[in-house]
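Student: show me the folded form of this:
(chains A and B)
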Amino acid sequence: MAQTRRRFLKVIGGAIAASTLFDVDKLLAGPTFIRKDVGGLTAGSSDLVSYGNAINAMKALPSTNPLSWAYQAAIHGTTLPGAHPAWNTCEHGTLEFLSWHRMYLYWFERIIRKKSGDPNFALPFWNYESSSERYLPPPFRTPGTGLYVPDANRGTGWNSGTSSLPGTAVSTSGCLPQVPFTSFSNNLEGTPHAAVHNTFGSTGGWMGSIDTAAQDPIFFLHHCNIDRIWNAWLAQGGGRTNPLGDTTWKTKKFLFFNEDGKEVWMTGCDILRAQEQLGYVYQNEPPQVKEYCLKLPPWWWKYLYEVVIQWPPIKLPPGPDPGPIEIDIRQFRERLQKIAEDKNVGLVLQLNDVTADRQPNVFWEVYAGLGKGDRAVPESRNYIGNLALFGGGVHAGEGHGSARAADFELPLNAAIRTALANGETALSVRFVARGAASKEPRQYRNNAAVTIGKVAIAVRRPEQAKI
Amino acid sequence: MLQHLFVAAGILSSMLAATPPAIRLPRITILKGSSASTVDVNLTSERRRLLAVDRAHDVILDLDGIEAERSPAVFFEVYIHAKNAARKRSAGNVALFGQGIRGETRAFRPAHMQLVITDDLREALRRSPVIAITFVAQGASGLPSPPRSASAVVIGRPSIVIAPSTRQ
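Tutor: Numbers count the residues shown, from 1 in each chain, chains lettered A, B, ... in the order given. Predicted structure coming up:
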């Protein structure tokens, strides 16, 4: 049954993503390529030999051939005349800066693999943040190989080993601490990305201009490093996530060419998981974070719940606010810790079967983990949402027949993480009655006898997540 | 529905309460051929609130409307320091590539960059209410002469803003 359903969902998901390209099963079954630090490679390393050979083979093709070196570079940018498919399509200063370059590298790498005849080829990355890798990697300085670019186009001093990248050009200290994707991406695009390009530009090299940068083979190692930093940022956790709420980011299609010279289209959803979807990892990188696009229509969205802690019913009697409810979490510490760190699931406070004997004339702000001296204000990080009865849950005076009990679900990940970090043995949950003008510092009185019939801390998983 | 209204109203009011107005700075021009450009900014009237910024917030140097006729062929380290005091550490870079350059082949779009200057600004303001923002042209290390900007760069809408910290 499960097999059948999964197959069915896969077909549906495939139909929705029909114009985007991938045989997911084939990719999942394929090998994982390791993109290595070029600092650990020599001129004789197979990845660099293959890269150079492929470049020479591509340079022999006319610039109108999508597999030619000139055409591939022109996809990023060119001043060549003519309008060929995909030319000048690189994304800069947009939300798609990182995703577009990941796609570009992926198809480029496949072309190099085929043109070199090396089925194990993977692009290396230039780890210039390491102080021992600030000079152009020596294998790129040897005339006669495909990796070499003369001084006139590479810039002064790189091939001779006198020019190097300054420390301020390669620092990730501005981008990695950022939590929102936009802040991270913008910072990374500036430094190290643009600063490294500009540093080559200061010596007159191709790398300094968007229209010529990808003609230098070092470009692709630079961008592999930028791509690697994206993975490293995500792996830090702490709320870092790709912009999966942005439909354009997820669905905008970009054109590239596969190793047979055929047009292929790709979207943000196709490149979220480098290893699983694209078959590569970076040497020594932390485990890649797996994020998923929703491939089903929103009305198919479903959560699976697993109750971790069940708590007795809670009464909110008429009158002033009751004191905090202390939910004992001692015996669940280890489990909660694991769940709270899992980015693919959520911890929620379920308040179900909520009923009132009449309209309370207030709503309640709900706070989790509020300390004794902490103020109950919505700006506080302990505020997790509201419990408001209007129609649903109110038994009398609503005029809508027999009322159904109301259910609420409030996010708990942050509160649980804080409680665990502080070594708390209980999670305090507090209900603070508010009126419409909730900012006024007055006490609101609940007018009804309210019962929360089922109280639980539960794990919530999106059911479609692995489709 | 009512629940959502309450939440939305709460979020809106807290946003309004938490977002102080930006401190607009005059337009900045980094001259062609310059290796360093300094702009002095008198923050006497804002000094108190800038020094009072708590740990949940950051002070941001917001550089919007950045443009150059052609690539300056350098990037610029940005330093915040008290006027006439030596500059210490760079708060970040202004680096233009693929945006902000009018001479490039594709549709022009001014660049926008934000640098966190909380600590640098605090240190500078403790010494003087007049701070200096210095842009130092930077290129490859090892060249015989200091790098200079190959094009004038204009920062059309610079400002200082206090915003909830996005760092962790």
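Student: ok, for B:F108, nearest residue in space, not its chain neighbours?
Tutor: In space, B:F108 comes closest to B:R102 once its chain neighbours are excluded; the distance is 5.2 Å by C-beta to C-beta, 6 or more residues apart in numbering or on different chains. Any C-beta I mention is one placed from the backbone N, CA and C, and that applies to glycine too.
Student: list the residues that contact the one you found.
Tutor: Contact criterion C-beta atoms under 8 Å, 6 or more residues apart in numbering or on different chains gives B:E67, B:A68, B:E69, B:R70, B:F108 as the residues in contact with B:R102.
Student: how close does the third one get to chain A?
Tutor: Computed as C-beta to the nearest C-beta, to the nearest Å, the B:E69 to chain A distance reads 14 Å.
Student: spit out the contact partners of B:P110.
Tutor: For B:P110, the contacting residues are B:D64, B:G65, B:I66, B:E67, B:Q99, B:G100, B:G156, taking C-beta under 8 Å, 6+ apart as the criterion.
Student: assess the claim that B:I117 and B:L61 are in contact.
Tutor: Yes - using C-beta atoms under 8 Å, B:I117 makes contact with B:L61 at a distance of 4.8 Å.
Student: between the two, what contacts are shared?
Tutor: Looking at what touches both B:I117 and B:L61 (by C-beta under 8 Å, 6+ apart), the common residues are B:I80, B:A91, B:I160.
Student: and the residues you listed, which is closest to chain A?
Tutor: Of all the shared contacts of B:I117 and B:L61, chain A sits closest to B:A91, with 8.6 Å by C-beta to the nearest C-beta.
Student: mean confidence for the longest helix seen in chain A?
Tutor: Of all segments of type helix in chain A, defined using DSSP state H, the longest is helix A:97-116. Averaged over helix A:97-116, pLDDT sits at 98.
Student: stretch B:124-143 too?
Tutor: Stretch B:124-143 comes out with an average pLDDT of 97.
Student: quick check: buried residues in it?
Tutor: Taking 16 or more other C-beta atoms under 10 Å in any protein chain shown as the basis for neighbour counts, the residues of stretch B:124-143 that come out buried are B:124-125, B:128-143.
Student: go back to the residues you listed and keep what's next to chain A.
Tutor: Near chain A, taking C-beta under 8 Å from any C-beta of the partner chain as the test, the members of these found are B:Q138, B:G139, B:A140, B:S141, B:G142, B:L143.
Student: now the residues you listed as JSON lines including secondary structure?
Tutor: Formatted as JSON lines, the entries for those read as follows, by DSSP: H, G, I helix; E, B strand; the rest coil:
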{"residue": "B:Q138", "secondary structure": "strand"}
{"residue": "B:G139", "secondary structure": "coil"}
{"residue": "B:A140", "secondary structure": "coil"}
{"residue": "B:S141", "secondary structure": "strand"}
{"residue": "B:G142", "secondary structure": "coil"}
{"residue": "B:L143", "secondary structure": "coil"}
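Student: may I ask which two of those are separated the most?
Tutor: Taking every pair in those and measuring C-beta to C-beta, the maximum separation is 12.5 Å, between B:Q138 and B:G142.
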